[in-house]
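Undergrad: Below are the sequence and a predicted model for it; my questions follow.
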Amino acid sequence: EEEALQRALAEEEEASPTSWSNTQESARLEEEEERQRQEEEAALERARAEAAAEMHRQEEEEALQRALAEEEEASPTSWSNTQESARLEEEEERQRQE
């Protein structure tokens with residue numbers, strides 16, 4: 001059965017080599033198109049994932065900013081003292097480095 005199929009294919013190729021060549025070229029082009037489609041799909045998926053990660057990062061940053069603002073509103077004196085302490089520590093560090 002396999003040999004008969006091979007003979008039939010060989011006979012068909014001999015009878016119409018141009019047609020056989022066109023069939024092979026069509027198959028090659030279809031494979032290339034499929035490969036390109038898969039690459040484009042993968043690139044699109046990567047772009048989606050990157051956009052989602054960036055959106056998540058921005059949401060986390062906004063949540064942190066809101067939390068800091070709420071904390072500052074809740075205890076402005078404490079917040080001010082914390083900021084002043086940080087400023088003084090930075091100033092002391094600069095003086096030590098000089």
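TA: Good, I have the coordinates. Numbers count the residues shown, from 1 in each chain.

Undergrad: And the helix ranked longest in the chain, how far out from the chain middle?
TA: When the chain is parsed with DSSP state H, its longest helix is helix 17-74. Taking CA atoms, centre = their mean, to the nearest Å, the mean C-alpha location of helix 17-74 is offset from the chain mean by 5 Å.

Undergrad: just checking, what packs against it?
TA: Contacts defined by 3 or more CB pairs under 8 Å, 6 or more residues apart in numbering; DSSP states H and E place helix 17-74 against helix 2-15. The way it works is simple: take the backbone N, C-alpha and C, and place the C-beta from them, glycine included.

Undergrad: Could you list every helix and strand that the helix it packs on packs against?
TA: The helices and strands touching helix 2-15, judged by 3+ CB pairs under 8 Å, 6+ apart, are helix 17-74.

Undergrad: what angle do the helix it packs on and helix 2-15 make?
TA: Relative orientation of helix 17-74 versus helix 2-15 (axes from the mean of the first three to the mean of the last three CA atoms, to 10 degrees): 100 degrees.

Undergrad: sorry, back to before: report the mean per-residue pLDDT for the longest helix of the chain.
TA: For helix 17-74, the mean per-residue pLDDT is 89.

Undergrad: Tell me the helix or strand right after it.
TA: The C-terminal neighbour of helix 17-74 among helices and strands, as given by DSSP states H and E, is helix 76-97.

Undergrad: Please list the residues outside that following helix that contact it.
TA: Under the criterion CB atoms under 8 Å, 6 or more residues apart in numbering, residues 71, 72 lie in contact with helix 76-97.

Undergrad: In CSV, list the C-alpha atoms belonging to that helix.
TA: The C-alpha trace of helix 76-97 is given here as CSV (Å, rounded to 0.1, in the frame of the first residue of the first chain):
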residue,chain,number,x,y,z
PRO,A,76,-0.3,65.6,60.1
THR,A,77,1.9,66.3,63.1
SER,A,78,3.3,62.8,63.2
TRP,A,79,3.8,62.9,59.5
SER,A,80,5.5,66.2,59.7
ASN,A,81,7.8,64.9,62.5
THR,A,82,8.6,61.9,60.4
GLN,A,83,9.5,64.0,57.4
GLU,A,84,11.6,66.4,59.6
SER,A,85,13.4,63.4,61.1
ALA,A,86,14.2,62.0,57.7
ARG,A,87,15.5,65.5,56.6
LEU,A,88,17.7,65.8,59.7
GLU,A,89,19.1,62.3,59.1
GLU,A,90,20.0,63.2,55.5
GLU,A,91,21.6,66.5,56.7
GLU,A,92,23.7,64.6,59.3
GLU,A,93,24.8,62.1,56.7
ARG,A,94,25.8,64.8,54.3
GLN,A,95,27.8,66.5,57.0
ARG,A,96,29.6,63.3,57.9
GLN,A,97,30.5,62.8,54.3
